[in-house]
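Chemist: Build me a model from this:
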Amino acid sequence: SPATVTRAGILFISEMRQWKNFVKSWIENRRDAEAANVTAEQREARAAKLAELFDKYCEVTMLEIFKSFKTVVPILDFNMAQTLCCFLEGLLTEENVGRDESKFEIYFVYAAVWAFGSAMSVTSGVDYRKRFSIWWKENWKTIKFPHRGEVFDYYVDPKKAEFAAWAEIVPDITYSSTTPMSAVTVPTGETVAITFWLDN
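Modeler: Model prediction:
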């Protein structure tokens, strides 16, 4: 009953595209929190670009995930949008994108493939991450990933503003024969990628 709900403090969030409200609020808060030396015109242009990118990529991708892909655990559209916003917080920095919005899309695409596809795995013998990678490359052509490998194999090199392979920045390992193998972690492209997202 309504009385029980108010006493217990229960909050129900409908899944009816509530992620759009969250994204709209996130974009507005980000616009308002821009550095003081960013002009009002630049703030509006950057906010408009983000709104355009969310409209372009999110709904189509979420629908395709619902129809064709499986994740390790069930993930709501709202959670995918929230994850994407969190990733963008760490990527759309002054060092990466500067003052204008011209580099927004490559970082958006980079964040989106991880926000939407990182929870996929091999299920019942089907590699859904690989299938998602193929689907993304076939459907989104404005920002192109390298043909070789999967979308998860690349990051955005901030110096060049283009994709580069995680494998190129895997650190070398120094191993001593006195160290037991059970105590050694060998870095790979995947561990470098996961560490990047944990740190950012």
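
Chemist: For the closest residue to residue 19 other than its chain neighbours, grab the count of nearby residues.
Modeler: Counting by C-beta to C-beta, 6 or more residues apart in numbering, residue 19 lies nearest to residue 81, which is 3.7 Å off, once chain neighbours are set aside. The C-beta positions use only the backbone N, C-alpha and C, and glycine is treated the same way. When neighbours are counted by other C-beta atoms under 10 Å, residue 81 registers 24.

Chemist: Also the one 3 residues further on?
Modeler: When neighbours are counted by other C-beta under 10 Å, residue 84 registers 25.

Chemist: on that earlier part again, for the residue nearest to residue 19, which residues are in contact?
Modeler: 19-20, 22-23, 54, 58, 115 (C-beta atoms under 8 Å, 6 or more residues apart in numbering).

Chemist: need these in JSON lines with pLDDT and distance to residue 142, can you?
Modeler: Formatted as JSON lines, the contacts of residue 81 follow (pLDDT from 0 to 100; distance: C-beta to C-beta, whole Å):
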{"residue": "19", "pLDDT": "94", "distance to residue 142": "22"}
{"residue": "20", "pLDDT": "95", "distance to residue 142": "21"}
{"residue": "22", "pLDDT": "95", "distance to residue 142": "24"}
{"residue": "23", "pLDDT": "97", "distance to residue 142": "20"}
{"residue": "54", "pLDDT": "98", "distance to residue 142": "14"}
{"residue": "58", "pLDDT": "97", "distance to residue 142": "15"}
{"residue": "115", "pLDDT": "97", "distance to residue 142": "18"}
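
Chemist: The closest residue in space to residue 60 that isn't next to it in sequence and residue 145, how far apart?
Modeler: Among residues not flanking residue 60 along the chain, residue 139 sits closest, at 7.6 Å (C-beta to C-beta, 6+ apart). As judged by C-beta to C-beta, to the nearest Å, residue 139 and residue 145 stand 12 Å apart.

Chemist: More neighbours: the two, which one.
Modeler: Neighbours were counted for residue 139 and for residue 145 using other C-beta under 10 Å; residue 145 has more, 19 against 11.

Chemist: In terms of helices and strands, where is the more buried one?
Modeler: Under DSSP states H and E, no helix or strand contains residue 145.

Chemist: Good, wrapping up.
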